[in-house]
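Enquirer: take a look and give me a structure for this.
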Amino acid sequence: MTMHLVDTLNRPLRDLRISVTDRCNFRCVYCMPKEIFGPDYQYLRRDQILTFEEIERLARIFVAHGVRKIRLTGGEPLVRRDLHLLISMLAPIPDLDLTLTTNGALLARQARALKDAGLKRVTVSLDSLDNKIFKTMNDVDFAVENVLDGMAAAANAGLGPIKVNMVVKRGLNESSILPMARYFREKGYILRFIEYMDVGHSNGWRMDDVLPAAEIIKMIHAEMPLEPLDPNYHGEVAERWRYKDGSGEIGVVASVTQAFCSTCNRARLSAEGKLYTCLFAIKGHDFRDLMRGGATDDDISQEIARVWGKRGDRYSELRSENTLSLPKVEMSHIGG
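Expert: Down below sits the predicted model:
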(Lines give C-alpha, C1' and ligand atoms only; values in the text may rest on other atoms or scores of the structure.)
Protein backbone atom coordinates (compact mmCIF):
# COMPACT_ATOMS: atom_id res chain seq x y z
CA MET A 1 0.00 0.00 0.00
CA THR A 2 1.36 3.44 -0.98
CA MET A 3 1.13 6.17 1.65
CA HIS A 4 2.11 9.49 0.05
CA LEU A 5 3.80 12.01 2.29
CA VAL A 6 3.85 15.81 2.30
CA ASP A 7 5.99 18.14 4.42
CA THR A 8 5.01 21.32 6.28
CA LEU A 9 5.04 23.24 2.97
CA ASN A 10 2.87 20.62 1.23
CA ARG A 11 5.80 19.23 -0.81
CA PRO A 12 5.55 15.50 -1.61
CA LEU A 13 8.40 13.00 -1.35
CA ARG A 14 9.08 11.75 -4.89
CA ASP A 15 12.84 11.66 -5.44
CA LEU A 16 15.48 9.86 -3.37
CA ARG A 17 19.23 10.11 -3.89
CA ILE A 18 21.18 7.26 -2.34
CA SER A 19 24.91 7.66 -1.76
CA VAL A 20 26.56 4.25 -1.94
CA THR A 21 30.05 5.42 -0.92
CA ASP A 22 31.81 8.50 0.47
CA ARG A 23 34.90 7.77 -1.65
CA CYS A 24 35.80 9.20 -5.04
CA ASN A 25 38.61 8.83 -7.55
CA PHE A 26 38.50 12.57 -8.42
CA ARG A 27 39.37 15.55 -6.23
CA CYS A 28 37.18 18.18 -7.83
CA VAL A 29 37.90 21.62 -6.42
CA TYR A 30 34.20 22.39 -5.76
CA CYS A 31 33.45 19.08 -4.04
CA MET A 32 36.42 17.15 -2.57
CA PRO A 33 39.46 19.46 -2.64
CA LYS A 34 42.80 17.76 -1.92
CA GLU A 35 43.56 20.19 0.89
CA ILE A 36 40.84 18.49 2.95
CA PHE A 37 40.36 15.10 1.28
CA GLY A 38 44.04 14.17 1.28
CA PRO A 39 45.84 10.89 2.03
CA ASP A 40 45.11 11.16 5.76
CA TYR A 41 41.37 11.81 5.40
CA GLN A 42 39.30 9.31 7.39
CA TYR A 43 36.66 7.74 5.17
CA LEU A 44 33.87 5.56 6.49
CA ARG A 45 34.83 2.00 7.36
CA ARG A 46 33.16 -0.79 5.41
CA ASP A 47 31.04 -1.78 8.42
CA GLN A 48 29.79 1.81 8.73
CA ILE A 49 28.21 2.00 5.27
CA LEU A 50 24.89 0.45 4.37
CA THR A 51 24.94 -3.03 2.88
CA PHE A 52 23.16 -3.66 -0.41
CA GLU A 53 20.44 -5.51 1.51
CA GLU A 54 19.92 -2.52 3.81
CA ILE A 55 19.73 -0.14 0.84
CA GLU A 56 17.18 -2.37 -0.90
CA ARG A 57 15.08 -2.59 2.25
CA LEU A 58 15.00 1.19 2.69
CA ALA A 59 14.36 1.76 -1.02
CA ARG A 60 11.24 -0.44 -0.95
CA ILE A 61 9.89 1.42 2.07
CA PHE A 62 10.54 4.80 0.44
CA VAL A 63 8.77 3.66 -2.74
CA ALA A 64 5.80 2.65 -0.60
CA HIS A 65 5.76 6.28 0.56
CA GLY A 66 5.52 7.59 -3.01
CA VAL A 67 9.13 7.83 -4.16
CA ARG A 68 9.20 7.30 -7.92
CA LYS A 69 12.83 8.04 -8.75
CA ILE A 70 16.02 6.79 -7.13
CA ARG A 71 19.39 8.12 -8.23
CA LEU A 72 22.53 6.34 -7.03
CA THR A 73 25.36 8.73 -6.16
CA GLY A 74 28.48 8.94 -4.03
CA GLY A 75 31.24 10.06 -3.74
CA GLU A 76 31.68 8.22 -7.00
CA PRO A 77 29.19 5.32 -7.06
CA LEU A 78 31.17 3.19 -9.49
CA VAL A 79 34.02 2.78 -7.00
CA ARG A 80 31.63 0.73 -4.81
CA ARG A 81 32.50 -2.89 -5.52
CA ASP A 82 29.88 -4.96 -7.40
CA LEU A 83 27.48 -2.04 -7.76
CA HIS A 84 25.67 -3.91 -10.54
CA LEU A 85 24.46 -6.37 -7.89
CA LEU A 86 22.73 -3.55 -5.99
CA ILE A 87 21.14 -2.35 -9.22
CA SER A 88 19.84 -5.86 -9.91
CA MET A 89 18.20 -5.77 -6.45
CA LEU A 90 16.60 -2.33 -6.95
CA ALA A 91 15.56 -2.63 -10.60
CA PRO A 92 12.61 -5.03 -9.99
CA ILE A 93 10.91 -2.60 -7.56
CA PRO A 94 7.65 -1.59 -9.31
CA ASP A 95 7.00 1.98 -10.50
CA LEU A 96 10.61 3.05 -9.99
CA ASP A 97 12.87 5.10 -12.29
CA LEU A 98 16.41 3.97 -11.40
CA THR A 99 19.31 6.19 -12.49
CA LEU A 100 22.92 6.94 -11.57
CA THR A 101 25.26 9.94 -11.57
CA THR A 102 28.95 9.30 -12.23
CA ASN A 103 32.15 11.13 -13.13
CA GLY A 104 32.53 8.64 -15.98
CA ALA A 105 36.02 7.45 -15.09
CA LEU A 106 34.94 3.81 -14.69
CA LEU A 107 31.91 3.92 -16.95
CA ALA A 108 33.43 2.46 -20.11
CA ARG A 109 34.20 -0.84 -18.39
CA GLN A 110 30.96 -1.03 -16.37
CA ALA A 111 28.26 0.37 -18.69
CA ARG A 112 27.12 -2.97 -20.13
CA ALA A 113 26.92 -4.67 -16.74
CA LEU A 114 24.96 -1.73 -15.32
CA LYS A 115 22.44 -1.89 -18.17
CA ASP A 116 22.13 -5.67 -17.94
CA ALA A 117 21.45 -5.32 -14.20
CA GLY A 118 18.49 -3.03 -14.89
CA LEU A 119 19.83 0.54 -14.73
CA LYS A 120 17.77 2.85 -16.95
CA ARG A 121 19.94 5.95 -17.51
CA VAL A 122 23.16 7.66 -16.47
CA THR A 123 24.14 11.26 -15.89
CA VAL A 124 27.83 12.06 -16.31
CA SER A 125 29.61 14.99 -14.68
CA LEU A 126 31.99 16.85 -17.00
CA ASP A 127 33.05 20.44 -16.44
CA SER A 128 35.06 21.14 -19.61
CA LEU A 129 36.22 19.65 -22.90
CA ASP A 130 39.55 21.43 -22.48
CA ASN A 131 41.97 18.99 -20.88
CA LYS A 132 43.92 21.70 -19.08
CA ILE A 133 40.78 23.11 -17.46
CA PHE A 134 39.27 19.70 -16.76
CA LYS A 135 42.44 18.40 -15.12
CA THR A 136 42.61 21.56 -13.02
CA MET A 137 39.06 20.90 -11.84
CA ASN A 138 39.32 17.13 -11.20
CA ASP A 139 42.85 17.57 -9.78
CA VAL A 140 43.92 13.96 -10.47
CA ASP A 141 45.18 14.49 -14.05
CA PHE A 142 42.27 12.55 -15.55
CA ALA A 143 41.74 13.18 -19.28
CA VAL A 144 38.51 14.30 -20.95
CA GLU A 145 38.79 11.60 -23.60
CA ASN A 146 38.33 8.85 -21.01
CA VAL A 147 35.07 10.41 -19.80
CA LEU A 148 33.83 10.76 -23.38
CA ASP A 149 34.66 7.07 -23.96
CA GLY A 150 32.52 6.24 -20.91
CA MET A 151 29.61 8.26 -22.31
CA ALA A 152 29.90 6.49 -25.65
CA ALA A 153 29.92 3.09 -23.92
CA ALA A 154 26.84 4.07 -21.92
CA ALA A 155 25.02 5.24 -25.05
CA ASN A 156 25.94 2.02 -26.89
CA ALA A 157 24.70 -0.03 -23.93
CA GLY A 158 21.31 1.73 -24.07
CA LEU A 159 21.67 3.92 -20.97
CA GLY A 160 20.23 6.96 -22.70
CA PRO A 161 19.29 9.65 -23.09
CA ILE A 162 22.72 10.55 -21.70
CA LYS A 163 22.71 13.65 -19.53
CA VAL A 164 25.84 15.68 -18.83
CA ASN A 165 26.23 17.92 -15.79
CA MET A 166 28.61 20.87 -15.97
CA VAL A 167 29.27 22.89 -12.80
CA VAL A 168 30.17 26.43 -13.86
CA LYS A 169 32.58 28.36 -11.67
CA ARG A 170 33.31 31.93 -12.75
CA GLY A 171 36.97 32.48 -13.49
CA LEU A 172 37.65 28.78 -13.95
CA ASN A 173 35.59 27.18 -16.71
CA GLU A 174 33.07 29.66 -18.15
CA SER A 175 35.15 29.66 -21.36
CA SER A 176 34.01 26.04 -21.80
CA ILE A 177 30.27 26.82 -21.92
CA LEU A 178 29.96 27.34 -25.67
CA PRO A 179 32.34 24.51 -26.68
CA MET A 180 30.39 22.13 -24.41
CA ALA A 181 27.06 23.31 -25.84
CA ARG A 182 28.26 22.87 -29.43
CA TYR A 183 29.77 19.44 -28.83
CA PHE A 184 26.87 17.86 -26.95
CA ARG A 185 24.29 19.41 -29.26
CA GLU A 186 26.03 17.52 -32.06
CA LYS A 187 26.17 14.34 -29.96
CA GLY A 188 22.50 14.50 -28.98
CA TYR A 189 23.25 14.36 -25.25
CA ILE A 190 21.34 16.63 -22.83
CA LEU A 191 23.74 19.13 -21.28
CA ARG A 192 22.85 20.82 -17.99
CA PHE A 193 24.68 23.80 -16.54
CA ILE A 194 24.75 23.98 -12.74
CA GLU A 195 25.44 27.14 -10.79
CA TYR A 196 28.34 26.75 -8.37
CA MET A 197 26.71 26.17 -4.98
CA ASP A 198 27.61 26.77 -1.33
CA VAL A 199 27.25 23.12 -0.34
CA GLY A 200 29.29 22.19 2.73
CA HIS A 201 32.33 24.24 3.70
CA SER A 202 35.26 22.55 1.97
CA ASN A 203 35.05 24.39 -1.36
CA GLY A 204 35.57 27.98 -0.13
CA TRP A 205 32.41 29.16 -1.91
CA ARG A 206 31.92 32.86 -2.65
CA MET A 207 28.99 34.51 -4.43
CA ASP A 208 31.50 36.12 -6.79
CA ASP A 209 32.28 32.64 -8.16
CA VAL A 210 28.68 32.11 -9.33
CA LEU A 211 27.87 32.67 -13.00
CA PRO A 212 24.08 33.12 -13.06
CA ALA A 213 22.11 30.68 -15.19
CA ALA A 214 20.45 33.61 -17.00
CA GLU A 215 23.87 34.71 -18.27
CA ILE A 216 24.63 31.17 -19.46
CA ILE A 217 21.36 31.02 -21.42
CA LYS A 218 22.01 34.47 -22.90
CA MET A 219 25.50 33.42 -23.99
CA ILE A 220 24.29 30.26 -25.75
CA HIS A 221 21.17 31.90 -27.22
CA ALA A 222 23.34 34.53 -28.97
CA GLU A 223 24.99 31.79 -31.05
CA MET A 224 22.42 28.98 -30.99
CA PRO A 225 18.89 30.39 -30.53
CA LEU A 226 16.89 28.80 -27.71
CA GLU A 227 13.28 28.64 -26.59
CA PRO A 228 11.93 27.52 -23.21
CA LEU A 229 10.45 24.07 -22.61
CA ASP A 230 7.93 22.93 -20.01
CA PRO A 231 9.24 20.79 -17.13
CA ASN A 232 9.10 17.03 -17.59
CA TYR A 233 7.40 16.74 -14.18
CA HIS A 234 6.44 18.84 -11.17
CA GLY A 235 9.49 19.58 -9.07
CA GLU A 236 12.08 19.14 -11.84
CA VAL A 237 15.09 21.22 -10.79
CA ALA A 238 16.53 21.88 -14.24
CA GLU A 239 14.94 24.68 -16.26
CA ARG A 240 14.70 23.24 -19.78
CA TRP A 241 15.48 24.98 -23.08
CA ARG A 242 15.57 23.61 -26.62
CA TYR A 243 17.40 24.76 -29.70
CA LYS A 244 14.97 26.45 -32.07
CA ASP A 245 16.24 24.39 -34.99
CA GLY A 246 15.13 21.21 -33.20
CA SER A 247 18.66 19.91 -32.60
CA GLY A 248 18.21 19.03 -28.94
CA GLU A 249 17.89 20.60 -25.51
CA ILE A 250 19.89 21.94 -22.58
CA GLY A 251 19.02 22.70 -18.98
CA VAL A 252 20.16 25.07 -16.26
CA VAL A 253 20.06 24.43 -12.52
CA ALA A 254 19.88 27.87 -10.89
CA SER A 255 19.74 26.93 -7.24
CA VAL A 256 21.62 30.08 -6.20
CA THR A 257 19.97 32.80 -8.31
CA GLN A 258 16.51 31.23 -8.80
CA ALA A 259 15.75 29.07 -5.78
CA PHE A 260 13.33 26.21 -6.37
CA CYS A 261 12.73 25.24 -2.74
CA SER A 262 8.96 25.63 -3.12
CA THR A 263 8.75 22.55 -5.38
CA CYS A 264 11.64 20.48 -3.97
CA ASN A 265 10.50 16.89 -3.49
CA ARG A 266 13.92 15.32 -2.94
CA ALA A 267 15.55 13.54 0.00
CA ARG A 268 19.09 12.20 0.28
CA LEU A 269 20.39 9.09 2.02
CA SER A 270 24.09 9.11 2.90
CA ALA A 271 26.35 6.10 2.59
CA GLU A 272 26.11 5.43 6.34
CA GLY A 273 22.33 5.61 6.31
CA LYS A 274 21.53 9.16 7.40
CA LEU A 275 18.53 10.81 5.77
CA TYR A 276 18.94 14.47 4.79
CA THR A 277 15.88 16.47 3.77
CA CYS A 278 17.90 19.26 2.08
CA LEU A 279 21.16 19.51 0.15
CA PHE A 280 22.18 22.20 2.65
CA ALA A 281 21.04 20.29 5.75
CA ILE A 282 22.80 20.74 9.07
CA LYS A 283 22.17 17.17 10.28
CA GLY A 284 20.79 13.85 9.10
CA HIS A 285 18.45 11.28 10.63
CA ASP A 286 20.04 7.90 11.37
CA PHE A 287 18.30 4.95 9.72
CA ARG A 288 21.26 2.56 9.83
CA ASP A 289 21.23 2.23 13.59
CA LEU A 290 17.44 2.01 13.50
CA MET A 291 17.63 -0.99 11.15
CA ARG A 292 20.53 -2.64 12.92
CA GLY A 293 18.75 -2.15 16.24
CA GLY A 294 15.94 -4.46 15.15
CA ALA A 295 13.35 -2.00 13.83
CA THR A 296 10.53 -3.49 11.76
CA ASP A 297 9.61 -2.16 8.30
CA ASP A 298 6.62 -0.49 9.92
CA ASP A 299 8.88 1.24 12.47
CA ILE A 300 11.09 2.53 9.66
CA SER A 301 8.08 3.62 7.61
CA GLN A 302 6.72 5.61 10.52
CA GLU A 303 10.08 7.29 11.12
CA ILE A 304 10.33 8.33 7.45
CA ALA A 305 6.81 9.77 7.72
CA ARG A 306 7.76 11.63 10.90
CA VAL A 307 10.95 13.13 9.45
CA TRP A 308 9.37 14.22 6.15
CA GLY A 309 6.22 15.46 7.89
CA LYS A 310 8.33 17.90 9.97
CA ARG A 311 10.38 19.09 6.98
CA GLY A 312 10.40 22.84 6.40
CA ASP A 313 13.74 23.32 4.61
CA ARG A 314 14.11 26.22 2.18
CA TYR A 315 17.78 27.15 2.48
CA SER A 316 18.20 28.59 -1.02
CA GLU A 317 15.27 30.95 -0.53
CA LEU A 318 16.75 32.18 2.74
CA ARG A 319 20.42 32.27 1.64
CA SER A 320 22.25 35.21 3.23
CA GLU A 321 25.47 36.06 5.02
CA ASN A 322 23.93 34.48 8.12
CA THR A 323 23.26 31.11 6.46
CA LEU A 324 26.68 30.73 4.81
CA SER A 325 28.44 29.99 8.10
CA LEU A 326 25.95 27.35 9.25
CA PRO A 327 27.36 23.81 9.61
CA LYS A 328 26.34 21.88 6.47
CA VAL A 329 26.87 18.37 5.18
CA GLU A 330 29.49 18.10 2.41
CA MET A 331 28.23 17.47 -1.13
CA SER A 332 30.59 14.51 -1.51
CA HIS A 333 28.78 12.86 1.41
CA ILE A 334 25.25 13.00 -0.01
CA GLY A 335 25.80 13.08 -3.76
CA GLY A 336 24.79 16.63 -4.69
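Enquirer: show me where the stretch 1-150 of the chain dips below the pLDDT cut-off.
Expert: Scanning the stretch 1-150 of the chain for pLDDT under 70 picks out the ranges 1-2.
Enquirer: so where do the helices sit in it?
Expert: Counting by DSSP state H, counting those that start in this stretch, the segments of the stretch 1-150 of the chain that form helices are 52-64, 83-90, 107-117, 131-138, 144-157.
Enquirer: make CSV from those helices and add distance to A213 and mean neighbour count to it.
Expert: Placement of C-beta: from N, CA and C, glycine included. Shown next, in CSV, are the helices of the stretch 1-150 of the chain (distance: least, C-beta to C-beta, whole Å; neighbours: other C-beta atoms under 10 Å):
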stretch, distance to A213, mean neighbour count
helix 52-64, 30, 18
helix 83-90, 32, 19
helix 107-117, 27, 19
helix 131-138, 19, 18
helix 144-157, 23, 19
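Enquirer: out of these, nearest to E174?
Expert: The minimum distance between E174 and the helices of the stretch 1-150 of the chain falls on helix 131-138, with 10.0 Å, by C-beta to C-beta.
Enquirer: who's in contact with that closest one?
Expert: For helix 131-138, the external contacting residues (C-beta atoms under 8 Å, 6 or more residues apart in numbering) are 26-30, 103, 126-128, 141-145, 169, 172-173, 175-176.
Enquirer: kindly give a single ChimeraX line that selects the buried subset of those residues.
Expert: To isolate the buried members of the contacts of helix 131-138 in ChimeraX, using 16 or more other C-beta atoms under 10 Å:
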select :26,27,28,29,30,103,126,127,128,142,144,169,172,173,176
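Enquirer: so what pairs up with R192 in the strands?
Expert: Beta-bridge partners of R192, counted by DSSP bridges, are N165, G251.
Enquirer: for it, grab the count of nearby residues.
Expert: R192 sits with 20 neighbouring residues when counted by other C-beta atoms under 10 Å.
Enquirer: do the same with L100
Expert: With other C-beta under 10 Å as criterion, L100 counts 26.
Enquirer: what does P179 give?
Expert: Look at P179: counted by other C-beta under 10 Å, it has 12 neighbours.
Enquirer: next, V210: phi, psi?
Expert: phi -90, psi 120 (degrees, to the nearest 10).
Enquirer: isn't it up against E195?
Expert: Yes. Here V210 reaches E195: they are 5.5 Å apart, a contact under C-beta atoms under 8 Å.
Enquirer: now for these two: what residues contact both?
Expert: By C-beta under 8 Å, 6+ apart, the residues touching both V210 and E195 are 256-257.
Enquirer: enumerate every residue touching E227.
Expert: Contacts for E227 (C-beta under 8 Å, 6+ apart) come out as 241-242, 244.
Enquirer: filter the residues you listed down to just the ones in strands.
Expert: If you go by DSSP state E, the contacts of E227 have 241-242 in strands.
Enquirer: would TSV of the contacts of E227 with distance to P225, pLDDT and neighbour count be doable?
Expert: Shown next, in TSV, are the contacts of E227 (distance: C-beta to C-beta, whole Å; pLDDT from 0 to 100; neighbours: other C-beta atoms under 10 Å):
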residue	distance to P225	pLDDT	neighbour count
W241	10	98	19
R242	10	97	16
K244	4	97	11
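Enquirer: out of the contacts of E227, which is nearest to R292?
Expert: Closest approach to R292 among the contacts of E227 (C-beta to C-beta): W241, at 46.0 Å.
Enquirer: who is the closest residue to that closest one other than its chain neighbours paired with across the strands?
Expert: Leaving aside its chain neighbours, W241 sits nearest to L226 (4.4 Å; criterion: C-beta to C-beta, 6 or more residues apart in numbering). On the basis of DSSP bridges, L226 is bridged to Y243.
Enquirer: surely L226 and I217 touch.
Expert: Yes. With contact defined as C-beta under 8 Å, L226 reaches I217; the gap is 6.5 Å.
Enquirer: shared neighbours of these two, anything?
Expert: With C-beta under 8 Å, 6+ apart, L226 and I217 have common neighbours W241.
Enquirer: contacts only, for N165.
Expert: Counting by C-beta under 8 Å, 6+ apart, N165 has contacts 101, 123-126, 192, 194.
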